[in-house]
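Peer 1: structural data only, the sequence is not supplied:
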């Protein structure tokens, strides 16, 4: 099962960053990849995200706590990726700042593993930079 993971240390307060990531419907407020987020009233705990590229995705909250969100992407059958689940987390760092991590696992055809892993990794790398600079 392919996996993508990004980590970033920040001097920002872990409480401040946790407040941002646990606002599940507010990802568009800090991520340059997400232009808008709307609550989907047809499925519980689901957001409809319009990406900066114009693409649209549904994501459903699987679990959350005071310092993390875990969600799955609801993907159309027949697409290049399926069984996508990700977690965005913040933990206090020893120096008083925060350590952020964003990781996902997913399934895809063998021919797409490298390209999709790189794309998800790049999204997470930029997303964590966006989060600490917002």
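Peer 2: Arrived safely. On a predicted model such as this, the values are computed, not experimentally measured, just so you know. Residues are numbered from 1 along each chain as shown.
Peer 1: how many other residues sit next to the nearest residue to residue 112 once chain neighbours are set aside?
Peer 2: What sits nearest to residue 112 in space, not counting adjacent residues and going by CB to CB, 6 or more residues apart in numbering, is residue 80, at 5.0 Å. The way it works is simple: take the backbone N, C-alpha and C, and place the C-beta from them, glycine included. By the other CB atoms under 10 Å criterion, the neighbourhood of residue 80 contains 12 residues.
Peer 1: roughly how far does residue 80 sit from residue 132?
Peer 2: Counting by CB to CB, to the nearest Å, the separation of residue 80 from residue 132 is 30 Å.
Peer 1: and if you look at residue 70?
Peer 2: In this structure, residue 70 and residue 132 are separated by 20 Å, where distance is defined by CB to CB.
Peer 1: between the two, which has more neighbouring residues?
Peer 2: Regarding residue 70 and residue 132, a neighbour count based on other CB under 10 Å identifies residue 132 as having more, with 19 against 15.
Peer 1: returning to what we had before: list the residues that contact the residue nearest to residue 112.
Peer 2: Contact analysis of residue 80 by CB atoms under 8 Å, 6 or more residues apart in numbering lists 108-109, 112, 116.
Peer 1: ok, residue 71 next?
Peer 2: Contacts here follow CB under 8 Å, 6+ apart; on that basis residue 71 touches 24, 59-62, 85-87.
Peer 1: ok, 10 Å please
Peer 2: Each residue near residue 71 by CB atoms under 10 Å, 6 or more residues apart in numbering is listed here: 24, 27, 45-47, 59-64, 84-88, 104.
Peer 1: which one in the chain is furthest away from the centre?
Peer 2: Computed with CA atoms, centre = their mean, the residue of the chain farthest from its C-alpha average is residue 95, at 25.2 Å.
Peer 1: quick one on the thing from earlier: what about the contacts of residue 71, which are in strands?
Peer 2: Within the contacts of residue 71, membership in strands is found for 46-47, 59-64, 84-88, 104, as judged by DSSP state E.
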